[in-house]
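K.L.:
can you look at this prediction? I've put the sequence above it.
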Amino acid sequence: MSVLQRKELEDSPLADLHAIASELTIEGYRTLRKEDLIAAILQGEDGEEGAGTSDEESLALDDEGAKAGPARSRGTGGPKEDAPAPRSRGRSRSRSKPRAEEPAAAPEASDDLSENEAPSGEPVTGTLDILPNGSGFVRTGGAPAEDVYVSPAQIRRCELRAGDEVAGSLRPARRNERHPSLVRVEQVNGRDAEPPEARPHFDDLTPMHPSQALPAPKALDSVPIGKGSRVAVAGGPGAGATRLLREIVSSLTDKKAGDLQVSVVLVGVRPEEVTDWARETEVPVTGGSFYRSIEAQAQAAELAVERAKRVAERGGDAVVVIDSLESLASGVSRRVFGSARKLEEGGSVTMIAATGMAWEAQRQASTRIGLDPPEKGGEPKVSDARSGTLRADLLG
């Protein structure tokens with residue numbers, strides 16, 4: 001019984017189909033037309049052992065979500081340069097060897113228990129990533145195989161959203177499964193999972209001009225950044241955009257900065273810079289270098305933004321720093337950068353991104369920081385003529 005439905009696949013963008021095909025190890029999937037790719041995915045999912053739920057789970061996936069057999073996964077990766085898992089819309093354990101045909105095993109007694117009755121397993125905490133088919137994964141930030149499958153029933157019952165910080169208990173993967181499964185959702189964003197917390201939807205809240213300044217390096221004294229700003233750091237190769245971003249992160253994580261949730265996403269950087277970011281900052285770093293697939297890096301950026309939205313919905317302030325935005329596909333770049341805003345109801349999402357010389361992001365930005373070639377010592381040189389902040393008067 002297939003977990004993925006043809007209609008869901010037909011409605012999915014090509015990048016998602018490529019991600020699923022990669023996980024199913026379909027050869028030459030990038031050369032297939034969309035309709036042929038969908039057919040190959042459906043055939044691959046039905047025919048590949050361990051690619052989805054076990055036989056008994058496919059027949060008896062109960063409403064309490066105690067059973068789990070993921071069809072596919074995507075991993076945010078972190079600052080590692082291993083091969084990425086596919087993306088949703090950021091890992092697999094070694095597969096079991098093919099075995100002879102045998103009757104489907106009867107479900108284990110513990111699997112028939114409701115989630116509230118299920119024995120407590122190993123604790124797990126991470127960021128929820130929801131797939132197009134309604135299931136999801138708790139991205140733990142470790143190795144791909146450590147991501148934990150979450151059933152659609154659990155997601156519906158606890159009213160979970162992509163980007164939620166989820167804590168619960170897991171059971172190990174069975175022989176024909178790639179991932180462990182979440183048997184109990186205990187906390188969501190630091191609160192009890194049930195009853196679900198009443199919270200607004202990010203897109204229903206009112207965007208406003210930033211009115212509270214964020215701490216920034218001395219080089220940006222003339223270009224204030226506010227909570228909820230879209231900040232484009234523009235400059236050619238060697239202009240020092242990455243160095244300036246690190247200085248900004250250092251300012252934001254200072255104790256005087258207040259309660260900010262800061263994260264860094266790396267997209268298309270040099271492998272050495274992945275190491276530099278991981279060692280020189282104390283904030284979560286996801287994504288990777290140009291060595292990784294663009295789909296995996298886009299997935300890391302989008303999940304970081306979803307996490308920031310969940311913080312803002314609850315009245316908090318989140319900052320996502322991207323190095324660099326120009327390496328993302330145009331559509332993903334717009335979605336990610338356009339998510340920044342101050343909310344009238346409280347909370348904010350701030351995006352600070354290196355944009356290269358791309359004009360579109362500079363046009364969309366509420367704060368533009370143009371960099372000239374650096375002087376001796378490599379210090380970034382901010383161009384007064386090409387820098388500025390919209391409604392800087394509101395930031396004091």
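P.N.:
In hand now; what should we look at?
K.L.:
longest helix in the protein, by residue count?
P.N.:
Across the chain, the helix with the greatest residue count (assigned by DSSP state H) is helix 294-313.
K.L.:
tally of neighbours for Gly396?
P.N.:
Look at Gly396: counted by other C-beta atoms under 10 Å, it has 9 neighbours. Every residue, glycine included, has its C-beta placed from N, CA and C.
K.L.:
pretty sure Gly226 is one of the things it touches, is it not?
P.N.:
No. Between Gly396 and Gly226 there is no contact, the gap being 9.6 Å when judged by C-beta atoms under 8 Å.
K.L.:
intersection of neighbour lists for those two?
P.N.:
Shared between the contact lists of Gly396 and Gly226 (criterion: C-beta atoms under 8 Å, 6 or more residues apart in numbering) are residues Ala213.
K.L.:
whichever helix or strand comes after the longest helix of the chain pairs with which strands?
P.N.:
Tracing the chain C-terminally past helix 294-313 and defining elements by DSSP states H and E, one meets strand 317-323 next. Here strand 317-323 has these sheet partners by DSSP bridges: strand 260-269 (parallel), strand 348-356 (parallel).
K.L.:
is it true that Val185 lies in a strand?
P.N.:
Yes. The assignment for Val185 (DSSP: H, G, I helix; E, B strand; the rest coil) places it in a strand.
K.L.:
list the buried residues of the longest helix of the chain.
P.N.:
294-313 (16 or more other C-beta atoms under 10 Å).
K.L.:
show me what it is packed against.
P.N.:
Contacting helix 294-313 under the criterion 3 or more C-beta pairs under 8 Å, 6 or more residues apart in numbering; DSSP states H and E are the following elements: helix 14-23, strand 122-130, strand 260-269, strand 285-289, strand 317-323, helix 330-338, strand 348-356.
K.L.:
who's in contact with stretch 199-217?
P.N.:
223-229, 244, 247-248, 250-252, 254, 256-257, 260, 309-310, 312-314, 319, 341-345, 347-348, 350, 366, 390-391, 394-396.
K.L.:
kindly report the same for stretch 231-244.
P.N.:
Contacts with stretch 231-244, where a contact means C-beta under 8 Å, 6+ apart, come from 217, 219, 225, 245, 269, 273, 323-325, 337, 350-358, 361-362, 364-374, 378-381, 386.
K.L.:
show the end-to-end separation of it, please.
P.N.:
Across stretch 231-244, the terminal residues are separated by 12 Å (C-alpha to C-alpha, to the nearest Å).
K.L.:
pull out the buried residues from that stretch.
P.N.:
So, applying 16+ other C-beta under 10 Å, buried residues of stretch 231-244: 231-235, 239-242, 244.
K.L.:
for these, which one is nearest Ala143?
P.N.:
Proximity of the buried residues of stretch 231-244 to Ala143 (C-beta to C-beta) peaks at Thr242, which lies at 26.7 Å.
K.L.:
and that closest one, how close does it get to Arg335?
P.N.:
Remark: distance between Thr242 and Arg335 (C-beta to C-beta, to the nearest Å) = 23 Å.
K.L.:
where does Lys67 land on pLDDT?
P.N.:
Looking at Lys67, its pLDDT is 36.
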